[in-house]
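>>> model the following, please.
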Amino acid sequence: MEFFRIRRDIPFMRHALILNSISIITFLAAVFFLFHRGLHLSVEFTGGTVMEVAYSQPADLEKVRSTVTGLGYQDVQVQNFGTARDVMIRLPAQKGVSSAQQSDRVLGALKADPATADATLRRVEFVGPQVGEELATDGLKALAMVVIGIMVYLAFRFEWKFAVSTVLANLHDVVIILGFFAFFQWEFSLAVLAAVLAVLGYSVNESVVIFDRVRETFRRQRKMDTEAAINHAITSTISRTIITHGSTQLMVLSMFFFGGATLHYFALALTIGILFGIYSSCFVAAAIAMWLGVKREDLVKPVAKKDAATDPADPNSGAQV
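Predicted structure coming up:
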């Protein structure tokens, strides 16, 4: 399905050097903020108190969140746990304050508010920083495994030059997402980490579509050079890109605006990742593959011609004069 079809190829690769210069500047800025400011890690990574509170009726999460925030907690996670009547509250650790003291203070504030007075404490646990360190380590391992899997898949599916260019483009997307979170000091939680991993797969899908069209172009247009083939591949997939990414972005924006605080940063990370994923697949990955010297022979294997002198299908083969 196509909304439109562009008859004349757009010379995207003509501006590849300028666009990738901007990408390098953005990438370096993201790295700078990651090292200078660092990520604002959530309770899952830093440790804190986890409370499970039950209500007789479906809980008003916004009211619970505002009540807990009113106690001076800035990084509070409030979400349903199991049913709409069960609420999980994650509180950051405070020096000199135990988990029992934190839970008593929060439960007292909830009971003091008529809108949340029927709160019943079910469970209190302390999540130590050691658990958070393990989560961070496991997250990095998951990220590394995804990158390795992408390289192996693309190397078998296409060619090693495409594998290298796609991985560089995907790391470009990941670092820029993390740079946004470091610059604005948005909370980085397990949900955001899941969004980052989802963006990796999403960006790879776009790169595979473009590279597959490049290979198809090489097969059909034998006289077309690499730059022209890449321009044709990107131009011919624009309609598909708009349909796919537009519909996905609508769903993500619905989570962003109507999903509440629990899905806010998850949807925000996906939004940034989708936008930069389109850009990196069309310009960064394609341009790097072009600069690495990918050519028609890398993707389309030449058909070996049979020797007429030894071809058994030829009745005249092997005939002597």
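>>> mind telling me what element the closest residue to residue 17 other than its chain neighbours is part of?
Nearest residue to residue 17 in three dimensions, chain neighbours excluded: residue 287, at 7.9 Å (Cβ to Cβ, 6 or more residues apart in numbering). Where you see a C-beta, it was placed from the backbone N, CA and C, and this is true even at glycine. Using DSSP states H and E, residue 287 falls within helix 286-291.
>>> please save the CA atoms from that helix in CSV.
Taking C-alpha atoms only, helix 286-291 is exported to CSV below (Å, rounded to 0.1, in the frame of the first residue of the first chain):
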residue,chain,number,x,y,z
ALA,A,286,23.0,4.3,4.3
ALA,A,287,25.8,6.9,4.1
ILE,A,288,28.2,4.8,6.2
ALA,A,289,27.5,1.8,3.9
MET,A,290,28.2,4.0,0.9
TRP,A,291,31.5,5.3,2.4
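>>> which residues touch the residue nearest to residue 17?
13, 16-17, 19-20, 165 (Cβ atoms under 8 Å, 6 or more residues apart in numbering).
>>> low-confidence bits of this protein, can you list those?
Segments of the chain classed as low confidence (criterion: pLDDT under 70) are 1-4, 129-132, 301-321.
>>> contact partners for residue 80?
59, 61, 86-88.
>>> what is the longest helix anywhere in the chain packed up against?
With secondary structure taken from DSSP state H, the chain has its longest helix at helix 190-220. Applying 3 or more Cβ pairs under 8 Å, 6 or more residues apart in numbering; DSSP states H and E, one finds that helix 190-220 makes contact with helix 129-157, helix 160-184, helix 226-236, helix 238-258, helix 261-279, helix 286-291, helix 296-299.
>>> can you say which of these is packed in most?
With neighbours defined as mean count of other Cβ atoms under 10 Å, the helices and strands packed on helix 190-220 peak in mean count at helix 286-291, which reaches a mean of 23.
>>> what count of nearby residues applies to the closest residue to residue 120 other than its chain neighbours?
In space, and not counting its chain neighbours, residue 120 is closest to residue 54: 4.7 Å by Cβ to Cβ, 6+ apart. Using other Cβ atoms under 10 Å, residue 54 has 17 other residues around it.
>>> hang on, isn't residue 54 packed against residue 110?
No: in this structure, residue 54 is not within contact of residue 110 by Cβ atoms under 8 Å, at 11.3 Å.
>>> which residues do these two both contact?
Common neighbours of residue 54 and residue 110 (Cβ under 8 Å, 6+ apart) are residue 119.
>>> packing partners for the helix or strand hosting residue 28?
Per DSSP H and E: residue 28 is located in helix 16-36. Contact here means 3+ Cβ pairs under 8 Å, 6+ apart; on that basis helix 16-36 packs against helix 160-184, helix 286-291.
>>> ok so, going back, looking at the helices and strands packed on helix 190-220, which is nearest to residue 114?
Nearest to residue 114, of all these, is helix 261-279, at 22.3 Å by Cβ to Cβ.
>>> need the residues that contact the closest one.
In contact with helix 261-279 (Cβ under 8 Å, 6+ apart) are residues 23, 61-62, 65, 77-79, 172-173, 176-177, 180-181, 186-189, 191-192, 194-196, 198-199, 202-203, 206, 241, 245, 248-249, 252-253, 255-256, 259.
>>> rerun that using 6 Å as the cut-off
79, 173, 176-177, 180, 186-187, 191-192, 195, 199, 202-203, 245, 249, 252, 255-256 (Cβ atoms under 6 Å, 6 or more residues apart in numbering).
>>> in this structure, spot the strand with the most residues.
Longest strand in the chain, counting residues (DSSP state E): strand 83-92.
>>> by contact count, what packs against that one?
strand 48-54, strand 77-81 (3 or more Cβ pairs under 6 Å, 6 or more residues apart in numbering; DSSP states H and E).
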